[in-house]
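Novice: Have a look at this fold, sequence not included:
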């Protein structure tokens, strides 16, 4: 059974200089800054899609754009994808609480070397 995400929830953008990138996306492009998180992450909102700027510190492996697709439940989506033949390095995990929702995430790759995230925002309690 396909996962069928509802929309593109987040795009991870690797950057060499986080402060410079924050000025571009916030001040020049005019996106709303949401929050910063260690180590070297900054989040902005663009319509339904969140941008995650991620400072790479020159690591080639980290220098890839990552698309994060919104699904109702990341754990269930991961299980369905594994059953269909996908492989994941780690199980879906809760990475943050934003307001009244827990953010769950699992990352796989598309067989072409591109990382693909499945993400859910689940009500707390």
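Specialist: The structure has been received and is ready for your questions. The model shown is predicted, which means the values in this text are computed figures rather than measured ones. Numbers count the residues shown, from 1 in each chain.
Novice: Walk me through the regions of the protein where pLDDT falls short of the threshold, as ranges.
Specialist: Along the chain, the model assigns pLDDT under 70 to residues 1, 58-63.
Novice: which residue ranges form the helices in it?
Specialist: 18-22, 74-83 (DSSP state H).
Novice: how distant is the longest one from the center of its chain?
Specialist: Going back to what we said before, that points to helix 74-83. Taking C-alpha atoms, centre = their mean, to the nearest Å, one finds the center of helix 74-83 at 17 Å from the center of the full chain.
Novice: returning to that earlier point: any chance of the helices of the chain in a markdown table, plus distance to residue 6?
Specialist: Yep, even glycine has a C-beta here, placed from its N, CA and C like the rest. Compiled in a markdown table, the helices of the chain are given as follows (distance: least, C-beta to C-beta, whole Å):
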| stretch | distance to residue 6 |
| --- | --- |
| helix 18-22 | 28 |
| helix 74-83 | 11 |
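Novice: deepest of these, which one?
Specialist: helix 74-83 (a mean of 18; mean count of other C-beta atoms under 10 Å).
Novice: Can you spell out which helices and strands pack onto that one?
Specialist: Here helix 74-83 touches strand 101-109, strand 115-123, going by 3 or more C-beta pairs under 8 Å, 6 or more residues apart in numbering; DSSP states H and E.
Novice: so which of those comes closest to residue 9?
Specialist: Nearest to residue 9 among the helices and strands packed on helix 74-83 is strand 115-123; the distance by C-beta to C-beta comes to 5.0 Å.
Novice: picking that back up, compare the helices of the chain and report which one is nearest to residue 103.
Specialist: Nearest to residue 103 among the helices of the chain is helix 74-83; the distance by C-beta to C-beta comes to 8.8 Å.
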